[in-house]
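S.K.: Give me a 3D structure for the following:
(chains A and B)
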Amino acid sequence: MTVASVLAVIGVGALAGLDLVSVPQAMIGRPLVAGFLGGAVVGGPLAGLATGAVLELFAFETLPVGASRYPDWGPAAAAAGALAALRGGVWDPAWMAGIMVVALLAAWLGGLGLMLVRRLNAAQIRSREPALGRGDAGALAALVFGGIARDFVRAGILTGVTFAVGERVARHVAAGWRAPRELADVAVLGTALGVALLSAWRLFGQGAARRFLAVGTVAGVALAAGLLAW
Amino acid sequence: MVKRPGAAPAVPAAPGFRTALARLFTIQAAFTYERMLGVGFAFAAEPLLRALRRGGPGGEGAFRAALARQSGFFNAHPYLAALAVGAVARAEADGAPPERIERLRAALVGPLGSLGDRLIWAGWLPACAAVALLMVAFGARAWAVVVFLALYNVVHVWLRVWGLRQGWRAGVGVAGALAAPGLQRSLELVAPVAAMLVGAALPALLGWYPFRVRWEVPVAAGAAVLFAAGVRLLQGRATGLVTAALALAVVVGVGVLW
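M.R.: Numbers count the residues shown, from 1 in each chain, chains lettered A, B, ... in the order given. All right, here's what the predicted structure looks like:
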């Protein structure tokens, strides 16, 4: 792993983190996209995509609604995608379980970091209150670009720390795993699907949408059976 | 050019429209709990308000007063905030009284937030994510990401462009734009479509996941249902994310100490 690769992962994570709130909210920070990009910059896009797909299930739970506190999936997924790719295309359930624990914690910490950025933004706004009162366009631009810079730094640090800690944890877990590896598989997809199921129920479990959810689920079960048979 | 009978009168394009549109993508960059989107709102509206500086009745003073007003508290869905930016800038350009502009801003907060949350966060985003996950399940690889980004952003960018344009056209009468039949029809359609796609994507992933042996599939499905029921029983005392992280940490501990 070269320094350039690590910097590329941090760059992808920082951009993915920036996307959530600051700019451009184009869903580059969704786990599926950030995981794929994180894997791609270290040469394993498909491992990154698979990791991102699992994290995407967890991300169904939270909608980035206004002032509410929500996790930041971008940096966590970019680091997790890169870590999955480091395994060289081999799907190791224990390695994946280690990555997932770190990625989930990183996403949660990302939400806390976002609150810190908002407080720093507020301090900057207070210091420029007189200029805002005078309708100073320069002050507005400084506040917006300052907010972007703070968010970029936050997301970059979070990606770097997640990558460094995740690499150690995943390596330790994979080397020390003694239980049947199936346990890790079932735990990772079971919890991810569980969170997504509950979120789907909360979103669509009332009114007319409930019937469509049921129809979709029946179709999904049939699709899964088809995929397994194939 | 022949004008169609009954067609709406042409509205001159807003000067600074493109710059304002580009700035709308940063509307949440200076988000705070006090002003919410206020600073980003004023930053996006500023290119549209420059007309006041050049030819308006109050000149530079009117421009600065308008900018100061627009940097106050504002909250809405970030994409649909474009509608408010356009409308408020038009009202300022038309010389509407400041109290009326303040009332317009305040009146748009609730409807734009609620509409955007239902249309995008609880509808279009889950629908696009579900399409991408279905594509992953069927081995579409990188195309899943490409299609997800393209599908989602066609609507995202269109909403910003439409919002800014409609807002500028309507000015203080912007409420009519929210009742547009296309928007209302989209609201009716998006939840059922998203529900069906999400419902299909979740079980389909059981057929995609690289399980080592077949019995893992029903066990993982059962674990998912049990886990969902467990998180529901917590009744909001812990999120699914935190509960999942703790559960996975316990599994990792068990796996290592086995």
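S.K.: What is the one helix or strand A:Ile99 maps to packed up against?
M.R.: A:Ile99 is part of helix A:93-127, with elements assigned from DSSP states H and E. Counting contacts by 3 or more Cβ pairs under 8 Å, 6 or more residues apart in numbering or on different chains; DSSP states H and E, helix A:93-127 is packed against helix A:45-59, helix A:73-86, helix A:137-176, helix A:181-204, helix B:240-257. C-beta: built from backbone N, CA, C; applies to glycine.
S.K.: Who are the contact partners of residue 79?
M.R.: You didn't pick a chain, so chain A it is. A:9, A:13, A:38, A:102-103, A:106, A:159, A:162-163, A:166 (Cβ atoms under 8 Å, 6 or more residues apart in numbering or on different chains).
S.K.: think we crossed wires, I meant chain B
M.R.: Contact partners of B:Tyr79, counting by Cβ under 8 Å, 6+ apart, are A:25, B:116, B:120, B:156, B:159-160, B:163.
S.K.: at 6 Å instead, please
M.R.: B:116, B:156, B:159-160 (Cβ atoms under 6 Å, 6 or more residues apart in numbering or on different chains).
S.K.: closest to B:Phe41 among the residues you listed?
M.R.: Nearest to B:Phe41, judged by Cβ to Cβ, of those is B:Arg160 at 13.4 Å.
S.K.: To what extent is residue 225 buried, counted in neighbours?
M.R.: You didn't say which chain, so I picked chain A. 15 (other Cβ atoms under 10 Å in any protein chain shown).
S.K.: My question was about chain B, not that one.
M.R.: For B:Val225, the count of nearby residues is 14 (other Cβ under 10 Å).
S.K.: A:Ala139 now?
M.R.: 24.
S.K.: Quick check: it vs A:Gly133, distance?
M.R.: 10 Å (Cβ to Cβ, to the nearest Å).
S.K.: before we move on, the earlier item: show me which positions of the next helix or strand after the helix holding A:Ile99 end up buried.
M.R.: Next helix or strand after helix A:93-127 toward the C-terminus (DSSP H and E): helix A:129-133. For helix A:129-133, a neighbour-count test (16 or more other Cβ atoms under 10 Å in any protein chain shown) marks A:131-132 as buried.
S.K.: Now the residue lying farthest from the centre of chain A: phi and psi?
M.R.: Within chain A, the residue lying farthest from the chain centre (Cα atoms, centre = their mean) is A:Arg134, at 40.0 Å. Main-chain dihedrals, A:Arg134, degrees, to the nearest 10: phi -90, psi 0.
S.K.: what about the closest residue to A:Ala80 other than its chain neighbours, neighbour count?
M.R.: Leaving aside its sequence neighbours, A:Ala80 sits nearest to A:Ala103 (Cβ to Cβ, 6 or more residues apart in numbering or on different chains; 4.0 Å). Around A:Ala103 there are 31 other residues, counting by other Cβ under 10 Å.
S.K.: what sits against the residue positioned nearest the centre of chain A?
M.R.: Centroid-nearest residue in chain A, with Cα atoms, centre = their mean: A:Trp73, separated by 2.1 Å. By Cβ under 6 Å, 6+ apart, A:Trp73 lies in contact with A:31, A:59, A:107.
S.K.: so B:Pro203 sits right up against A:Ala219, yeah?
M.R.: No: assessed by Cβ atoms under 6 Å, B:Pro203 is found out of contact with A:Ala219, at 8.5 Å.
S.K.: The two - which one has more neighbours?
M.R.: Legend: neighbour count by other Cβ under 10 Å for B:Pro203 and A:Ala219, higher for B:Pro203 (23 against 17).
S.K.: Excluding chain neighbours, what is closest to the more buried one?
M.R.: Nearest residue to B:Pro203, sequence neighbours excluded (Cβ to Cβ, 6+ apart): A:Gly220, at 3.6 Å.
S.K.: same deal with B:Leu202?
M.R.: That would be A:Ala196: by Cβ to Cβ, 6+ apart, it lies 5.4 Å from B:Leu202.
S.K.: just B:Ala194 next, same as before
M.R.: B:Ala127 (3.9 Å).
S.K.: In contact with residue 177, which residues?
M.R.: Defaulting to chain A. A:Trp177 touches A:94, B:255, counting by Cβ under 6 Å, 6+ apart.
S.K.: Actually, chain B is the one I wanted.
M.R.: With contact set as Cβ under 6 Å, 6+ apart, B:Ala177 has these partners: B:166, B:170.
S.K.: So what touches the strand or helix carrying B:Ala20?
M.R.: B:Ala20 belongs to helix B:17-24 when assigned by DSSP H and E. The contact list for helix B:17-24 (Cβ under 6 Å, 6+ apart) reads B:43-44, B:47-48, B:82, B:160, B:164.
S.K.: just these that are near chain A?
M.R.: Restricting those to those adjacent to chain A (criterion: Cβ under 6 Å from any Cβ of the partner chain) gives B:Phe43.
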